[in-house]
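Asks: here is a sequence with its predicted model. Questions after.
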Amino acid sequence: MKEIVAIIRPNKLGDVKQALEAIGCHGMTVIEVKGRGRQLGITESYRGSDYRIDMLPKTRLEIIVKDEDAEKVIDAIVMSAQTGDIGDGKIFISSVEDVVRIRTGEKGDKAV
Amino acid sequence: MNLHGEENNMDPVLNSGDTAWMLISTALIMLMTVPGVALFYGGLTKKQNVLNTMFLSLIAFAITSIVWVLYGYQFAFGQDILMGLIGNPTNLLFNGIGVDSLARLAPTIPTTVFIAFQMTFAAITIALISGAIVERMKFSSWMVFVLLWVSLVYVPIAHWVWGGGFLAQLGALDFAGGTVVHINSGMAALALAILLGRRKNSSLLPHHLGYSVIGAAFLWFGWFGFNAGSALTAGGLAGSAFIVTNTAAAAGMISWLIIDYLKTGKPTLLGAISGGIAGLVAITPAAGFVTVQAAVIIGLVTSAVSYFAISYLKPRFGYDDALDVFGIHGMSGMWGAIATGLFAAPFINSLGTGVFYGNPGQLVTQIIAIVVVMAYSFLVTLILGKIIDRTLGLRVKHKEEIEGLDTNLHDESGYRI
């Protein structure tokens, strides 16, 4: 099992959800976060002076999938969240040891 | 104010048209402070300080209202004594002011209306100062400052320029408060900002620019009462002051946007409202004296003056005039007072003739008035601020400043979302 963590533009959440539903991936956890990448945020102007906004609002998705579904889900996120401009975000993939469905006690792939 | 001095030759007869217009003007000016200044400043601060910022204006209005009726008006507008320094305070505590008595300096309206009208000027002047000290001043110290400042700075200066004091006797022209309101508040703001020092986080990212747009709109709207009301009558002069006021505000806005385009390539909404306010400030002393054509020039130039102060003087000297009270009100107020000496047209108002109509001496008089008001306001504010700092302390605790003033000073917060 894999955990897929995607940091995306908040306004792309709708597109990403739609793309994931289309491939049958329904479960996800969404968190509003702030952060920055290599460009250290953006600048805004105030009466002629520039100020750096170094923490930008982003949306963080956490999705747990079976190993064989991981590539499909990652592709769907990339396709739907991409604008081609700086600030599109990143996806982190890691292995998950086990999953437990609390209601039934099922474990492993069955619980995903 | 359109004051003819002590030798007023108008017949003291109540005019209901004048009275109605002055009552409306008074209420319009009230809107400038609350909610105008409160929203304008509130939107520009950080979200954890929005309530405190608005509160500074509200409490300033309340304290000034009480001071003004008890003794402020009496000292400012009493018969001149001590060679032009202060008014003779008869009618202290509002005693002996009859319902039907007519204002000595505006003999077609009741004294009570004149007092209320002048009260709103005092209130907005002190409220404007709050923009320089937001996000770091103790609320209790601000209340004490308001009381002392209105009593010892605003009242004497209002007397000198409008109450028949020495600057009025010298012939200084100030229709609605270029010196009394704007240079005065700008210099006091600078003094207090220097005493308080820089904020821990002096970045300026407006938390809700929309508030500021609404605030600026209230200011513009109320300014018609401020400037056209300063004719003290309802007639041609009020109409002239009204139209030049609007013209200068529009020119100021357009001018700031041109500077924005030249400097960064992008027009900013904050620039637009800043330019509009700068135009209103600059036309204030000139409103009842200049032509519409002059108002266009006054408005176009003033944004450059204020933009220069904000983007060059402020970083160069490092004072933390948080919301640019000195930059906009002080600097545009100076330009307006000088422009009045240049453009005052005798066919608009027989009381004022400027350089371009053959009276170069007027510019000298204007500069004397500017320098006197700048020096007095700056020095006395510095002294009052220092006294408060030594006794009560001016600045909030480090922790309170970092966490925000709303929750720490008022147990309230602006947003629960």
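Replies: Yep, it's here. As the structure is a computational prediction, the values presented were derived from the model and not from experiment.

Asks: tell me which parts of chain B are close to chain A?
Replies: Taking CB under 8 Å from any CB of the partner chain as the contact definition, chain B meets chain A at B:203-206, B:259-260, B:263-264, B:266, B:268, B:270-271, B:274, B:307, B:310-311, B:315, B:324, B:327. All C-beta spots, glycine's among them, are computed from the backbone N, C-alpha and C.

Asks: pull out the buried residues from those.
Replies: Among these, those scoring as buried are B:204, B:206, B:259-260, B:268, B:270-271, B:274, B:307, B:310-311, B:324, B:327 (criterion: 16 or more other CB atoms under 10 Å in any protein chain shown).

Asks: tell me the SS of the residue nearest the centre of chain B?
Replies: With distances taken as CA atoms, centre = their mean, chain B has B:V181 as the residue nearest its mean C-alpha position (3.3 Å). Of the three states, B:V181 takes helix under DSSP: H, G, I helix; E, B strand; the rest coil.

Asks: can you give me the strands for the chain?
Replies: As the question left the chain open, I've gone with chain A. Using DSSP state E, the strands assigned to chain A run over residues A:2-8, A:29-35, A:42-46, A:49-53, A:56-65, A:90-95.

Asks: meant chain B, my bad for not saying
Replies: Along chain B, counting by DSSP E, strands occupy B:80-81, B:86-87.

Asks: I'd like to know which of the ones you listed lies nearest to B:T365.
Replies: Nearest to B:T365 among the strands of chain B is strand B:80-81; the distance by CB to CB comes to 18.0 Å.

Asks: other residues contacting the closest one?
Replies: Strand B:80-81 has contacts (CB atoms under 8 Å, 6 or more residues apart in numbering or on different chains) with B:6, B:86-88, B:159, B:163-165.

Asks: if I pick residue 92, what's in contact with it?
Replies: Chain wasn't specified; assuming chain A. A:4-6.

Asks: please go with chain B instead
Replies: Going by CB under 8 Å, 6+ apart, B:L92 touches B:70-71, B:74.

Asks: buried among those residues? Make that a ChimeraX selection.
Replies: Buried residues within the contacts of B:L92, by 16+ other CB under 10 Å, are selected in ChimeraX with:
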select /B:71,74
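
Asks: got JSON lines for the contacts of B:L92, with distance to B:V113 too?
Replies: Output for the contacts of B:L92, formatted as JSON lines (distance: CB to CB, whole Å):
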{"residue": "B:L70", "distance to B:V113": "18"}
{"residue": "B:Y71", "distance to B:V113": "19"}
{"residue": "B:Q74", "distance to B:V113": "16"}
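
Asks: and the contacts of B:L92, which is closest to A:A70?
Replies: Taking CB to CB as the measure, A:A70 lies nearest B:L70 of the contacts of B:L92, at 77.2 Å.

Asks: ok, and the closest non-adjacent residue to that closest one?
Replies: In space, and not counting its chain neighbours, B:L70 is closest to B:L93: 5.5 Å by CB to CB, 6 or more residues apart in numbering or on different chains.

Asks: kindly report the same for B:A106.
Replies: Closest residue to B:A106 apart from its sequence neighbours, by CB to CB, 6+ apart: B:L232 at 4.1 Å.

Asks: and B:G43, how far is that from B:Q79?
Replies: The gap separating B:G43 from B:Q79 is 44 Å, by CB to CB, to the nearest Å.

Asks: which of those two has more neighbours?
Replies: More crowded of B:G43 and B:Q79, by other CB atoms under 10 Å in any protein chain shown: B:G43, with 23 against 12.

Asks: can you name the residues that contact the more buried one?
Replies: B:50, B:206-215.

Asks: could you redo the last one with a cut-off of 7 Å?
Replies: Each residue near B:G43 by CB atoms under 7 Å, 6 or more residues apart in numbering or on different chains is listed here: B:206, B:208-212, B:215.

Asks: picking up where we left off before, how close does the residue nearest to B:L70 get to B:Q74?
Replies: Going from B:L93 to B:Q74 by CB to CB gives 9 Å.

Asks: what do you get for B:I370?
Replies: From B:I370 to B:Q74 the distance is 27 Å (CB to CB).

Asks: before we move on, back to that, from the contacts of B:L92, which is closest to B:I59?
Replies: Nearest to B:I59 among the contacts of B:L92: B:L70, at 16.8 Å, using CB to CB.

Asks: which parts of stretch B:14-29 are buried?
Replies: Across stretch B:14-29, burial judged by 16+ other CB under 10 Å covers B:15, B:18-19, B:21-23, B:25-26, B:28-29.

Asks: filter those down to the ones in helices?
Replies: Taking DSSP state H as the definition of helices, these contribute B:18-19, B:21-23, B:25-26, B:28-29.

Asks: which residues touch the nearest residue to B:L23 once chain neighbours are set aside?
Replies: Once flanking residues are discounted, B:L23 sits nearest to B:V113: 5.9 Å by CB to CB, 6+ apart. Going by CB under 7 Å, 6+ apart, B:V113 touches B:19, B:22-23, B:26.

Asks: near B:F139, how many other residues are there?
Replies: Neighbours around B:F139, by other CB under 10 Å: 14.

Asks: what lies in contact with the single longest helix found in chain A?
Replies: The longest helix of chain A (DSSP H) is helix A:70-81. For helix A:70-81, contacts defined as CB under 7 Å, 6+ apart pick out A:2, A:4, A:6, A:8-9, A:12, A:15-16, A:19-20, A:23, A:25, A:63, A:65, A:88-89, A:91, A:93.

Asks: ok, how many other residues are close to B:G215?
Replies: 25.

Asks: my bad, should have said A:G24
Replies: Neighbours around A:G24, by other CB under 10 Å: 9.

Asks: how close does it get to A:K72?
Replies: If you measure A:G24 against A:K72 using CB to CB, the figure is 9 Å.

Asks: got it, and B:A216?
Replies: Taken as CB to CB, the span from B:A216 to A:K72 is 53 Å.

Asks: then B:A294?
Replies: For B:A294, the distance to A:K72 (CB to CB) stands at 72 Å.

Asks: helix or strand with the lowest mean pLDDT in the chain?
Replies: No chain was given, so I picked chain A. Among the helices and strands of chain A, strand A:49-53 carries the lowest confidence by mean pLDDT, DSSP states H and E, at a mean of 81.

Asks: nope, chain B please
Replies: helix B:314-317 (a mean of 89).

Asks: so what touches the next helix or strand along the chain from it?
Replies: With elements assigned by DSSP states H and E, the helix or strand that comes after helix B:314-317 is helix B:325. By CB under 7 Å, 6+ apart, the residues outside helix B:325 that reach it are B:128-129, B:131-132, B:185-186, B:189.

Asks: what's the farthest-apart pair in those?
Replies: Within the contacts of helix B:325, B:G131 and B:G186 form the most distant pair, 10.0 Å apart (CB to CB).

Asks: these two: which has the busier surroundings?
Replies: Shown here are B:G131 and B:G186; by other CB under 10 Å, B:G186 has more neighbours (31 against 27).

Asks: point me to the residue of the stretch 51-200 of chain B nearest chain A.
Replies: Relative to chain A, the nearest point of the stretch 51-200 of chain B is B:G131 (12.4 Å; CB to the nearest CB).
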